[in-house]
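S.K.: fold the following, please.
(one chain, ligands or ions: 1)
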Amino acid sequence: MKYYSLNKRSQDVDFREAAIRGQASDKGLYFPASIPVLPASFFEKIGEYSKEAIALQVIAPYTGDTIPAKALERIVGETVNFEFPLVRVTDDIFSLELFHGPTLAFKDVGARFMSRCLGYFFKEKKNKAVVLVATSGDTGGAVADGFYGVEGIDVIILYPSGKVSAVQEKQLTTLGKNIHALEIEGSFDDCQRMVKQAFMDEELNKALFLTSANSINVARWLPQQFYYFFAWKQWQKENSTLSGALPPLVVSTPSGNFGNLCAGLLAYRSGLPIDHFIAACNANDAVTQYFKNGKYQPQPARATLSNAMDVGDPSNFVRMLELFDSEYGALKNLISSYSVSDEETRETIREVYTKFNYLPDPHGAVAYASLVRYFKEYADAQGASGMKGKEERRPQGIFLETAHPIKFYDVVEPVTGKPVDMPAAIRDIIHKEKVSLRMSNAFGELKEYLLRK
Ligand SMILES: *Cc1c(COP(=O)(O)O)cnc(C)c1O
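M.R.: Okay, here's the model as predicted:
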C-alpha cells in the first residue's frame, strides 16, 4: 500500500515511511492510495472471528510488506488486549465502551499500535529513536503508556507544570523506564513551541532521530477502525433473535480532530454495513456548520465540558473530504452533524443516569444527545412522508463512549450527586511517586537536555 500526501506536493511512501515521518514534507496528511474492500464472507463469518483475527484482516492491506505476518500478529494482539464491550442503554441505543484500556480512553488503541510499529521499525537501528511530545493532558498519558517498555524508543513528554489534572500528571510521571517527563514552567503553548523548535533544529536532528506521536500519524489513525468492526459483530449478535433483516444502524462519534470518525468512515468504505454516521460536536461546530451550508470555516477553539473535543480547525477534516472525493451530496447523505451545548451535555448525563442507570462521560453524552436528535428528525421525516406504521424498522444507534467518566469526575459528580466508582487502574497510580524533571520554558535548556541523551 502506498500513501500520498493530501497536499500532493511530495512523494508517495509506504506504511513504514508514513509512520516514521508522521507528516509529509509538504506538511500534508498521508492518505492510503486505495481503500481495501473486505469480502462478503468476512461479514458473514465475523461472529466466529476473534478480535485479533478481525483486526489483522482489517489492517494487513494497510501495512503491506513493511511488517511481516508474525510481527503484525503480535502488534495487533498487544493493541487490542482489553475489552470493547457494547452495552445496551435503552431499547435502541447502545454504548460502545472504548475506555477499558490502560489510560481509560480510546486513544490507547492508536497509541499502542503506533508505538509497536515504530518499535518494530527501529529494532535494527543502532541509534534509538526519540519520540518528542507536548501534551495538555490526555494524549501524553496514552502515548506514555503505549510506548512504555518498547525497545529502541525513548519518549520525552513536555507538560505544563500545574496545568494538567492530578491523575493525568501521575499517568505521565510514574512509569519510568523509557518514558521521561519534563515539567515545563510555562503553558501548553510553550511546550508545543519548544517541541516544534526541536524538530527544526539542525544540530539536534543530526545527533538524534526525532519523531512525533502526533494524532495525524497513519499508525494512530488506521487501527481506530478495529472497534467499529467489533461493535458491529456484537450488535449483530444482540439482534440475532429478530426475524428478517437487521434494522438500520446509526453510529455517533464524539469528535474533536475527527480522526475517530474518519476511521469509522474508512471501515464503511471497506464494506462495514453502517447506514448512517453522526459527527457529534460540542460548541466547536466548524464541521456542523459545514454540513449545514457547505462552507468550512475554521474557528478559534472554545473551552467546553468535553474538552478533548475543543478543536476549532480539525486536522482530519481534509481526510473526511478525501474519503468522498469532496462530494458534498455524498457526505451529507451518509453523515449528520449536531452541536451540543454544555447545558445539554449536563442534562444528558443526568437523564441517562437517572432514567437508564448508565453514566456517560461528557464526550459520550455529546454523542448520545446527537443520536437522540437524529432519531427525532428521522421519526418526524417518516411521519411527514406517511411511513408511520409501515414495515420500515426503527433504526438503532451506537454511541462511542470515548473516556471513562472518572476522568471527568469534576463534571459528572455535581450532576449525579454521587462519586464515580474509581477503576483499579487509577487507584493504583494515585499512590505512585511522581518523577519529573523541572525545566524553564527556554528552548536552550531542552536542547541541552536532548543532546545529553
Ligand atoms: C481525543 C478525544 C476525542 C476526539 O477524538 P478525535 O479523533 O480527535 O475526533 C473524543 N473524546 C475523548 C475522550 C478524547 O480523548
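S.K.: longest strand anywhere in this structure?
M.R.: strand 153-160 (DSSP state E).
S.K.: ok, that one: who's next to it in the sheet?
M.R.: Sheet pairing of strand 153-160 (DSSP bridges) gives strand 129-134 (parallel), strand 179-184 (parallel).
S.K.: so which bits of the stretch 151-300 of the chain are right by the ligand?
M.R.: 254-260 (Cβ under 6 Å from any ligand atom). C-betas here are computed from N, CA, C, even on glycine.
S.K.: so, low pLDDT: which residues of the stretch 301-450 of the chain?
M.R.: 386-392 (pLDDT under 70).
S.K.: 90 instead?
M.R.: By pLDDT under 90, the low-scoring segments of the stretch 301-450 of the chain are 301, 382-394, 422, 424-431.
S.K.: hey, where'd the strands end up in it?
M.R.: 335-339, 396-401, 437-439 (DSSP state E, counting those that start in this stretch).
S.K.: returning to what we had before: looking at the residues of the stretch 151-300 of the chain next to the ligand, which are in strands?
M.R.: Pro254.
S.K.: list the buried residues of stretch 269-278.
M.R.: 270, 272, 274, 276-278 (16 or more other Cβ atoms under 10 Å).
S.K.: ok, and what's touching it?
M.R.: 35-38, 40, 42-43, 58, 225, 228-229, 232, 246, 248-253, 261, 264-265, 267-268, 323, 334-338, 367, 370-371, 374, 395 (Cβ atoms under 8 Å, 6 or more residues apart in numbering).
S.K.: now, of those, which are buried?
M.R.: 35-36, 38, 42-43, 58, 225, 228-229, 232, 246, 248-253, 261, 264-265, 267-268, 323, 335-338, 367, 370-371, 374, 395.
S.K.: hmm, back to that, switch the residues of the stretch 151-300 of the chain next to the ligand over to TSV; also include neighbour count.
M.R.: Shown next, in TSV, are these (neighbours: other Cβ atoms under 10 Å):
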residue	neighbour count
Pro254	32
Ser255	33
Gly256	23
Asn257	19
Phe258	22
Gly259	23
Asn260	25
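S.K.: can you report how many residues lie near the spatially closest residue to Arg21 that is not a sequence neighbour?
M.R.: Among residues not flanking Arg21 along the chain, Val13 sits closest, at 7.1 Å (Cβ to Cβ, 6 or more residues apart in numbering). If you count neighbours by other Cβ atoms under 10 Å, Val13 ends up with 19.
S.K.: touching, Val13 and Phe31? I think so.
M.R.: No: between Val13 and Phe31 no contact is recorded; they are 11.2 Å apart, counting by Cβ atoms under 8 Å.
S.K.: tell me, what's touching those two both at once?
M.R.: Tyr3.
S.K.: rewinding a little: now, the contacts of stretch 269-278 that are in helices?
M.R.: 40, 42-43, 58, 228-229, 232, 261, 264-265, 267-268, 323, 334, 367, 370-371, 374 (DSSP state H).
S.K.: what stretches of the stretch 51-200 of the chain score poorly on pLDDT?
M.R.: If you take pLDDT under 90 as the line, the stretch 51-200 of the chain has these spans: 123-128, 135-140, 163-168, 187-189, 192, 196.
S.K.: where along it do the helices fall?
M.R.: When assigned using DSSP state H, counting those that start in this stretch, the helices of the stretch 51-200 of the chain occupy the ranges 51-63, 69-79, 107-121, 138-147, 166-173, 188-200.
S.K.: which strands and helices lie in contact with the shortest one?
M.R.: Contacts of helix 166-173 with other secondary structure elements, assessed using 3 or more Cβ pairs under 8 Å, 6 or more residues apart in numbering; DSSP states H and E, are made with helix 138-147, strand 153-160, strand 179-184, helix 424-430.
S.K.: the first one now?
M.R.: Contact partners of helix 51-63 among helices and strands, from 3+ Cβ pairs under 8 Å, 6+ apart: helix 69-79, helix 226-238.
S.K.: over to the third one?
M.R.: Using 3+ Cβ pairs under 8 Å, 6+ apart as the contact criterion, the elements in contact with helix 107-121 are helix 15-21, helix 69-79, helix 138-147, strand 153-160, helix 218-221.
S.K.: same thing but at 6 Å, please
M.R.: helix 69-79, helix 138-147, helix 218-221 (3 or more Cβ pairs under 6 Å, 6 or more residues apart in numbering; DSSP states H and E).
S.K.: could you export the last one as CSV, CA atoms only?
M.R.: In this case it means helix 218-221. Output in CSV follows, covering the C-alpha atoms of helix 218-221 (Å, rounded to 0.1, in the frame of the first residue of the first chain):
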residue,chain,number,x,y,z
VAL,A,218,-1.5,6.9,10.0
ALA,A,219,-0.3,4.4,12.5
ARG,A,220,-2.6,6.0,15.1
TRP,A,221,-5.4,6.7,12.7
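S.K.: show me what it is packed against.
M.R.: So helix 218-221, by 3+ Cβ pairs under 6 Å, 6+ apart, packs with helix 107-121.
S.K.: which non-adjacent residue is nearest Leu6?
M.R.: Nearest to Leu6 is Gly28, by Cβ to Cβ, 6+ apart, at 4.4 Å.
S.K.: distance of that neighbour from Ala263?
M.R.: 19 Å (Cβ to Cβ, to the nearest Å).
S.K.: tell me which of these two has more neighbours.
M.R.: Applying other Cβ under 10 Å to Gly28 and Ala263 shows that Ala263 carries more neighbours, namely 25 against 17.
S.K.: if we can go back for a sec, show me the contact partners of the longest strand of the chain.
M.R.: 118-119, 128-135, 140, 144, 147, 172, 178-182, 184, 187-188, 191 (Cβ atoms under 6 Å, 6 or more residues apart in numbering).
S.K.: which members of these are classed as buried?
M.R.: Buried among the contacts of strand 153-160 by 16+ other Cβ under 10 Å: 118-119, 129-135, 140, 144, 147, 172, 178-182, 184, 188, 191.
S.K.: so Ala280 is in which element?
M.R.: strand 276-281 (DSSP states H and E).
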